[in-house]
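**Q** I'd like to go over a predicted model; first the sequence, then the structure.
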Amino acid sequence: MDDDLVKRYIDIQIAMQGKIIYRNYVNIWDITLVAGVDLAYWKENEIEYAVCCIVVVDYNTKDIVESKYCIDKVVTPYIPGCLAFREVPLFLKTKCLLNNVPDIYFFDGNGYLHPRHMGIATQAGILIDMPSIGIAKSYYKINNVDFPMPLNEKFAFNDIVINGEVYGRVLRTQLNVKPIFISMGNKIDLETAMCVVENMITKDSHIPLPTRLADIMTHKIRKKFS
């Protein structure tokens, strides 16, 4: 691993912390479109490729409004805690293909729930200056702090507190399913993020509809091109 590259990425993340907008810019009554973002990877002749899929969903009807994808070679190495540097460039290319302007972006990954509060949802949310939410399926342990498991009830949750600060929230979206991990990205507070996420949960999955659809699409595209 290139130590100089790791240091540069971490320095950038620390510098970007001052650009996080904590003020809530989302009125849940005015939301019309939510975008789900996910990426998938594969290798071909030792060359790594990735596809980014964005699916835009109507917040009220849950209908798909549009879906776009973009494929490119991956040139940035995987560095724990710096995943956004691999994924954001392809996300930005894919975002340019959208015909609609989503009110919020859901990212399959973390936001504020990150050692430097710079998961992909936050880093990308700052760059596009839009409200964003991190929704992770697995827990990224920080400072050796475990998450408090919520009750086995629909929409039961617990805050994830590290060093006296709330980094995110663990949410059980359905009965008898694994919880997911919610954190603000940018321009939204945790309470509003929770409300929006809960509204996008359907009976078909324990993850919100926009990121579920993006995840399904990435698997289809990867299977087609890999």
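**A** Structure's in. What do you need?

**Q** Which stretches in the chain count as strands?
**A** 33-44, 47-58, 64-73, 104-107, 132-136, 156-162, 165-172, 180-186 (DSSP state E).

**Q** packing partners for the second one?
**A** In terms of contacts (3 or more C-beta pairs under 8 Å, 6 or more residues apart in numbering; DSSP states H and E), strand 47-58 is packed against strand 33-44, strand 64-73, helix 84-95, helix 209-225. To be clear about C-beta, it is placed using only N, CA and C from the backbone, and glycine gets the same treatment.

**Q** between the strands of the chain, which gets nearest to Leu90?
**A** strand 47-58 (4.3 Å; C-beta to C-beta).

**Q** Now do the residue in the chain sticking out farthest from the centre against Ser226, distance only.
**A** Distance from the C-alpha centroid of the chain peaks at Asn45, with 29.5 Å (C-alpha atoms, centre = their mean). Distance, Asn45 to Ser226, by C-beta to C-beta, to the nearest Å: 11 Å.

**Q** hey, what's the spatially most central residue of the chain bridged with?
**A** Centroid check for the chain by C-alpha atoms, centre = their mean gives Phe107 as the closest residue, at 2.0 Å. Note on Phe107: beta-bridge partners by DSSP bridges are Val37, Gly134.

**Q** Roughly how far does it sit from Ala193?
**A** Counting by C-beta to C-beta, the gap from Phe107 to Ala193 is 11 Å.

**Q** hey, what's in contact with both of these two?
**A** Among the neighbours of Phe107, those also in contact with Ala193 (C-beta atoms under 8 Å, 6 or more residues apart in numbering) are Ile133.

**Q** and the closest residue to Ile14 other than its chain neighbours, what is it in contact with?
**A** In space, and not counting its chain neighbours, Ile14 is closest to Arg116: 6.0 Å by C-beta to C-beta, 6 or more residues apart in numbering. If you count contacts by C-beta under 8 Å, 6+ apart, Arg116 has them with Ile10, Gln13, Ile14, Gln17, Gly81.

**Q** go on, Ile180?
**A** Ile135, Ala136, Lys137, Val170, Leu171, Thr173, His206, Ile207.

**Q** Mind doing that once more with 6 Å?
**A** Shown in contact with Ile180 (C-beta atoms under 6 Å, 6 or more residues apart in numbering): Ile135, Lys137, Leu171, Ile207.

**Q** Check Asn110 too.
**A** Asn110 neighbours (C-beta under 6 Å, 6+ apart): Gly119, Gly134, Ala136, Tyr140, Ser183.

**Q** how close does the third one get to Lys223?
**A** Same thing as Ala136. 24 Å.
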